[in-house]
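Visitor: what follows is a protein structure lacking sequence information:
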């Protein structure tokens, strides 16, 4: 069942204690922060459980669902058959807010337990109910006609019609489930709820900005979609700014800005940021001596002394610090860095505390995906990192993010230098070998996906034709070496950010009867028994070449 009115959703969950299962994603975390604040305002009791996969979701649901009849799934569950997987009690109400598409049709057309909360502005594009679910009623009709008329002519005229319906149904289902993608950020939906309740604030808006920024920087939505969302966000920024006094030093101030695609440059040296940002590192080919020379030429063209570039950004001369972003944008055109900047927002409170959305996103992501922490500890620590007052946690997250950036570049350079990137024809893949120094760093599926995108950008900079191919990375699981995690991303040159890899992974693994688990909420991530990896890649190659 579809619920377009988000206020109806909130009214229902406020009636009694609610069980909330939140996916351990940035968007899910930001959405939860907003919803948590609203529940506190209205004194609604809740039970929160972060979930990092399907089995975790099932276990948490079965443990707590008998104590709660109202359940909310945030950024998870939309592409699962909830009634079949979770088996809810007849009096349960399960509200699903998920950005992963396509949604399972049983959830969309479930008239009892499952309620999909989907904004009216989102084009759902689902098959009609009668094209998918009318088979049983047709069979009953046929049976009645057979008993009533007992004529073979009637039977001969009905069966071909039935067969045509089944073929059409299979075609519709294949087309609908073929591509996976993303819809509106759940955090943006939660801010919309707060706005409609007249309880919105600049803090809520900031959290939703981080959720949307995550979608854009991780290639979940297109630039056009992102620009459209930024326009809406800017209207809210102006409205909230006009409603209250922002002249106070301690007031939160959000302002529109043109952000550079340089990771953490405000908290790092400009040189290190240029070397370790996926966008610039791949285009300069920084892992080569020629690339390092080209980077120095880039800095020389701007008239920047190396001494200034190698010290902390905040310690650079004030005049240089003030103008350097404009210089980079102008000089970037000469070096093929046309997309060096993008629209974004900055948060400021006090005199010294100033963060752009990408910086706080990077800090929170590093904490949330820290493989050294368990799911609950990482989620709660990342939740605290989003609070602007926790400067120590934010700074710690930024340092972890710097370390992750270095690991990404080291692993990409190792892949390319050792010629471990393999082009099979229909896709490109690489494998992190067991015993690698970076194996534990990329144990989390989200980090492995990030590595896959970084490798894709770097490899496509040297091999242009690879931009039309999807990229796949496999890595042994440190805690269970018998299994490997496989993650894939769609081609770089394709405008659509939808991916067919999830469906292809399923078909290829079924064909060779490989031992696999689709545990993650991301369709293009799976776990496979390491001994089945070779035959899986062979089957995937054969499948995608047809």
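Guide: Noted; the coordinates are in hand. If you're wondering where the values come from, they're calculated on a predicted model, not measured in any experiment. Numbering: from 1, shown residues only.
Visitor: ok, now how distant is residue 193 from residue 29?
Guide: 16 Å (C-beta to C-beta, to the nearest Å). C-beta coordinates here come from the backbone N, C-alpha and C atoms, glycine included.
Visitor: how about the spatially closest residue to residue 253 that is not a sequence neighbour, phi and psi?
Guide: Leaving aside its sequence neighbours, residue 253 sits nearest to residue 348 (C-beta to C-beta, 6 or more residues apart in numbering; 4.6 Å). When read as degrees, to the nearest 10, the backbone of residue 348 gives phi -140, psi 140.
Visitor: for residue 348, list each beta-bridge partner.
Guide: Listed by DSSP bridges, the beta-bridge partners for residue 348 are residue 253, residue 354.
Visitor: what count of nearby residues applies to it?
Guide: 17 (other C-beta atoms under 10 Å).
Visitor: which ones are touching it?
Guide: 252-253, 255, 354-355 (C-beta atoms under 8 Å, 6 or more residues apart in numbering).
Visitor: so what pLDDT did it get?
Guide: Residue 348 carries a pLDDT score of 87 in this model.
Visitor: and for residue 351?
Guide: For residue 351, the predicted pLDDT is 68.
Visitor: from the contacts of residue 348, which one has the minimum pLDDT?
Guide: residue 354 (82).
Visitor: how many residues are close by it?
Guide: 13.
Visitor: can you check the one 3 residues further on too?
Guide: Residues contacting residue 357 under the criterion other C-beta under 10 Å number 23.
Visitor: pretty sure it sits against residue 208.
Guide: No. The pair residue 357 and residue 208 does not pass the contact test of C-beta atoms under 8 Å, sitting 10.1 Å apart.
Visitor: so where's the protein uncertain?
Guide: 134-159, 244-250, 351-352 (pLDDT under 70).
Visitor: now do 80
Guide: 110-111, 121-123, 134-161, 243-251, 350-353, 495-496 (pLDDT under 80).
Visitor: next, the buried residues of stretch 330-345.
Guide: 331-332, 335, 337, 340-345 (16 or more other C-beta atoms under 10 Å).
Visitor: what ranges does the stretch 51-200 of the chain have for its strands?
Guide: Along the stretch 51-200 of the chain, counting by DSSP state E, counting those that start in this stretch, strands occupy 70-74, 93-97, 100-101, 114-117, 181-182.
Visitor: strands paired with the third one, and their directions?
Guide: For strand 100-101, the paired strands and their directions (DSSP bridges) are strand 181-182 (antiparallel).
Visitor: and residue 361, which of the three is it?
Guide: With DSSP: H, G, I helix; E, B strand; the rest coil as the basis, residue 361 sits in helix.
Visitor: since we're on it, how many residues are nearby?
Guide: Residue 361: 25 surrounding residues under other C-beta under 10 Å.
Visitor: my guess is it meets residue 218, correct?
Guide: No. If you go by C-beta under 8 Å, residue 361 and residue 218 don't touch, sitting 9.3 Å apart.
Visitor: and the contacts of stretch 91-99?
Guide: 3, 9, 12-13, 27, 31, 65, 69-79, 82, 86, 88, 107, 113-117, 182-186, 189-190, 215, 220.
Visitor: in PyMOL, select just the buried ones from the residues you listed.
Guide: Per 16+ other C-beta under 10 Å, the buried members of the contacts of stretch 91-99 correspond to this PyMOL selection:
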select buried, resi 3+9+12+13+27+31+65+69+70+71+72+73+74+75+76+77+78+79+82+86+88+107+113+114+115+116+117+182+183+184+185+186+189+190+215+220
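Visitor: and residue 402, that's in a helix?
Guide: Yes. Counting by three-state DSSP, residue 402 is located in a helix.
Visitor: what are the buried residues along stretch 226-246?
Guide: Going by 16+ other C-beta under 10 Å, stretch 226-246 has these buried residues: 226, 229-230, 233, 236-237, 240.
Visitor: give me the neighbour count for the residue nearest to residue 106 when sequence neighbours are not counted.
Guide: Spatially, and ignoring its direct neighbours in sequence, residue 106 is nearest to residue 81 (4.7 Å; C-beta to C-beta, 6+ apart). Around residue 81 there are 14 other residues, counting by other C-beta under 10 Å.
Visitor: what does whatever helix or strand residue 379 lives in contact?
Guide: Using DSSP states H and E, residue 379 maps to helix 375-385. Helix 375-385 is contacted from outside by 22, 24, 29, 32-33, 49-52, 56, 360, 363-364, 367-370, 373, 390, 393-394, 397, using C-beta under 8 Å, 6+ apart.
Visitor: show the buried residues in the residues you listed.
Guide: Buried, going by 16+ other C-beta under 10 Å: 22, 24, 29, 32-33, 49-52, 56, 360, 363-364, 367-370, 393-394, 397, out of these.
Visitor: can you flag which of those belong to helices?
Guide: Mapping the buried ones among the contacts of helix 375-385 onto helices (DSSP state H) picks out 29, 32-33, 56, 360, 363-364, 367-368, 393-394, 397.
Visitor: now for the residues you listed, which pair is the farthest apart?
Guide: 56 and 394 (27.5 Å; C-beta to C-beta).
Visitor: ok, so of the buried residues of stretch 330-345, who is nearest residue 433?
Guide: Distance to residue 433, by C-beta to C-beta, is smallest for residue 337 among the buried residues of stretch 330-345, at 32.9 Å.
Visitor: distance check, the residue lying closest to the closest one once chain neighbours are set aside against residue 362.
Guide: Nearest residue to residue 337 in three dimensions, chain neighbours excluded: residue 283, at 6.0 Å (C-beta to C-beta, 6+ apart). From residue 283 over to residue 362 the distance is 20 Å, taken as C-beta to C-beta.
Visitor: more neighbours, the two?
Guide: Under the criterion of other C-beta under 10 Å, the comparison of residue 283 against residue 362 puts residue 362 first, with 24 against 21.
Visitor: make sure the more buried one is actually in contact with residue 264.
Guide: Yes. The pair residue 362 / residue 264 is scored as a contact, 6.0 Å apart, by C-beta under 8 Å.
Visitor: what do those two both touch?
Guide: Here residue 362 and residue 264 have 398, 401 as joint contacts, going by C-beta under 8 Å, 6+ apart.
Visitor: how about the helices in the stretch 351-500 of the chain?
Guide: Secondary structure of the stretch 351-500 of the chain (DSSP state H, counting those that start in this stretch): helices at 357-368, 375-385, 391-417, 445-462.
Visitor: as a markdown table, those with distance to residue 473 would be great.
Guide: As requested, the helices of the stretch 351-500 of the chain are exported to a markdown table (distance: least, C-beta to C-beta, whole Å):
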| stretch | distance to residue 473 |
| --- | --- |
| helix 357-368 | 18 |
| helix 375-385 | 22 |
| helix 391-417 | 9 |
| helix 445-462 | 4 |
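Visitor: which one of those helices is the most hemmed in?
Guide: helix 357-368 (a mean of 24; mean count of other C-beta atoms under 10 Å).
Visitor: which helices and strands sit right next to that one?
Guide: For helix 357-368, the packing partners by 3 or more C-beta pairs under 8 Å, 6 or more residues apart in numbering; DSSP states H and E come out as helix 26-41, helix 202-217, strand 341-349, helix 375-385, helix 391-417.
Visitor: go again using 6 Å as the cut-off
Guide: helix 202-217, helix 375-385, helix 391-417 (3 or more C-beta pairs under 6 Å, 6 or more residues apart in numbering; DSSP states H and E).
Visitor: for the ones you listed, give me a markdown table that also has distance to residue 496.
Guide: Output for the helices and strands packed on helix 357-368, formatted as a markdown table (distance: least, C-beta to C-beta, whole Å):
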| stretch | distance to residue 496 |
| --- | --- |
| helix 202-217 | 14 |
| helix 375-385 | 30 |
| helix 391-417 | 25 |
